[in-house]
Structure formats: C-alpha cells, structure tokens
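Engineer: Build me a model:
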Amino acid sequence: MRRVLVTGGGTGIGRAIAHAFADQGDAVTIAGRRIELLKDAAEGRDITCIQADVTSEADTTALFEMPFDVVIANAGWGASGKVAKLSLDDWNATLAVNLTGTFLTFREALRIGPKDARLIAIASTASLQGNASVPAYTAAKHGVLGLVRSIALDVAKTGGTCNAICPGFTDTDLAEGAITGLMQRFDLDREAATAKVAAGNPQGRLITPSEIAGTALFLASPAAAGINGHALSVSGGEI
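Structural biologist: Numbers count the residues shown, from 1 in each chain. Below is the predicted model:
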C-alpha cells in the first residue's frame, strides 16, 4: 500500500485527487489550513487529516514524520490585479503559498525519501503563458515549473520522478469566484459569465477536478516511470 500526501486536500482539485487515490486503496493523508474542510473531504473514506500551512517550515516539516511514496503539492492561491495595482503583501502571499509551499513540500519529501517517490506539482496553464490579470500567480506558477524541472534532474538517477500538471480553468471555487465576479462586474447571467471563463479552452468548457485526479493517478503509476520533468497541460488544447 502506497502512502500518499496531498496538500490543499480539503477542496477542489486536491479533494478529488485524495478521493481518487483513496478509492484505489492507497493510504492517503490530506493537509490544509482549515481542519473542518479536511474532515469534510475525508468523510466516508480512510483518509488522514493534518492541519498544516505549507508556507510554514515547521508545519511542513511536521507533515513528514514518515515518508510518502507519492507527494502532490496542490495547495495554491492567487491574488488578482495588474502589476501597477498589485500590493506587495498580495505578491508575497501568492508566491509564499504557490512557490515556497511547493519548495518546502518537495524539500521534505526528498529529505525523508523514499528515493523513488513520485512528486507531482499542481501548477497551471499560467506556468506556460502570461496573464496580465494575475501576474503574481503567473510568476509563482512559472517558478513552480522551474522547480519541478530542476528536481526532475536531481531524482532521475534514483528512480523518482517530478512532474507538473497544468490545468486550465477548472470547475472549483476559484472558477466560481471568477464567474460571480464577471456576473457582478458586467451584469451578466451565469451562463454568459461561465462561457467567458471557459472561453480560453477550445473545447468551450471548464476542466473537471476528476480529470486532474485521473492525470495524477497516471503520473504516479508504473506506466509513467519514464515521464520526468514534464508539464502536462490539461486544458482542452489551450496550451
């Protein structure tokens, strides 16, 4: 039985990933800042919940009392606002959770082992292209991809892998926030606002969390042993 860690496992993509691994019999641990969300995500499944903030070195170190075979750095958040209007606090907070949190998570995974662990970062299509509306998030996710590619070279000879999944807009609370924001700002109905959010996807839809979970299962499988340092876009052709 593999031991699997999912950060930001209480909602959205992280929750779907945790359920997918638990449902195939893996021993899953989810971590996040809000214990009530973690407990809700774990209900009905054999999932361990640990309250932790991935921007805290102490919290992240404490997660790794024992090694994990699969480590999924999913915790993320992004401040919106063009550069000229972006506060330093929002910039620092965005980099802290997305980039520093991924660094701390993977650093501890590498320190504790095993040497052949599968490390997966939930990045974004923002890792692969610019976005004037979320420059801090875009910069952080570009950094995540650079970190993934660097770690991939480090673990290549030990049997481990490190990869990034780059979702397009996914049907989560983040997308819901964008949709309601458009509804309020431009006086749109939900259908029109959703279409605007999904417009970047050539398939004209939001990606589902289960699609990201299925991708994570694949990258953690024996069939993906030769995939290392890769940015796998799940975006309907956006990238």
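
Engineer: Next, work out how far apart the residue lying farthest from the centre of the chain and Ala193 are.
Structural biologist: When distances to the mean C-alpha position of the chain are computed (C-alpha atoms, centre = their mean), the maximum falls on Asp187, with 31.3 Å. Distance, Asp187 to Ala193, by C-beta to C-beta, to the nearest Å: 10 Å. Where C-beta positions appear, they are placed from N, C-alpha and C, glycine not excepted.

Engineer: hang on, the earlier thing: enumerate every residue touching the residue farthest from the centre of the chain.
Structural biologist: Not one residue lies near Asp187 by C-beta atoms under 8 Å, 6 or more residues apart in numbering.

Engineer: And for His230?
Structural biologist: 152, 163-164.

Engineer: now do 7 Å
Structural biologist: Asn163 (C-beta atoms under 7 Å, 6 or more residues apart in numbering).

Engineer: Spell out which helix or strand contains Ile13, please.
Structural biologist: helix 12-23 (DSSP states H and E).

Engineer: And for Leu86, the neighbour number?
Structural biologist: Leu86 has 16 neighbours, counted by other C-beta atoms under 10 Å.

Engineer: So the closest residue to Ile47 other than its chain neighbours: helix, strand or coil?
Structural biologist: Excluding the flanking residues, the one nearest Ile47 by C-beta to C-beta, 6 or more residues apart in numbering is Val28, at 4.8 Å. The assignment at Val28 comes out as strand when based on DSSP: H, G, I helix; E, B strand; the rest coil.

Engineer: Look up how far Thr60 lies from Val28.
Structural biologist: From Val28 to Thr60 the distance is 18 Å (C-beta to C-beta).

Engineer: who has more neighbours, the two?
Structural biologist: For Val28 versus Thr60, neighbours defined as other C-beta under 10 Å are more numerous around Val28 (29 against 24).

Engineer: give the contact list for the more buried one.
Structural biologist: Val28 touches 4, 6, 18, 21-22, 47, counting by C-beta under 7 Å, 6+ apart.

Engineer: now Ile50
Structural biologist: Neighbours of Ile50 in contact, by C-beta under 7 Å, 6+ apart: 29, 31, 63.

Engineer: what angle do the helix or strand containing it and helix 12-23 make?
Structural biologist: Using DSSP H and E, Ile50 maps to strand 47-51. On the basis of axes from the mean of the first three to the mean of the last three C-alpha atoms, to 10 degrees, strand 47-51 is oriented at 140 degrees to helix 12-23.

Engineer: end to end, how far does stretch 185-202 reach?
Structural biologist: Criterion C-alpha to C-alpha, to the nearest Å; first-to-last residue distance in stretch 185-202 is 24 Å.

Engineer: how far is that stretch from where the chain is centred?
Structural biologist: 24 Å (C-alpha atoms, centre = their mean, to the nearest Å).

Engineer: Now that stretch: buried residues?
Structural biologist: 193-194, 197-198, 200-201 (16 or more other C-beta atoms under 10 Å).

Engineer: can you tell me how far Ala84 sits from Phe68?
Structural biologist: Ala84 is 41 Å from Phe68, by C-beta to C-beta.

Engineer: okay, now Leu128: neighbour count?
Structural biologist: With other C-beta under 10 Å as criterion, Leu128 counts 18.

Engineer: and if you look at Leu63?
Structural biologist: 21.

Engineer: Please tell me I have it right and it contacts Ala52.
Structural biologist: Yes - with contacts counted by C-beta atoms under 7 Å, Leu63 reaches Ala52, the gap being 5.6 Å.
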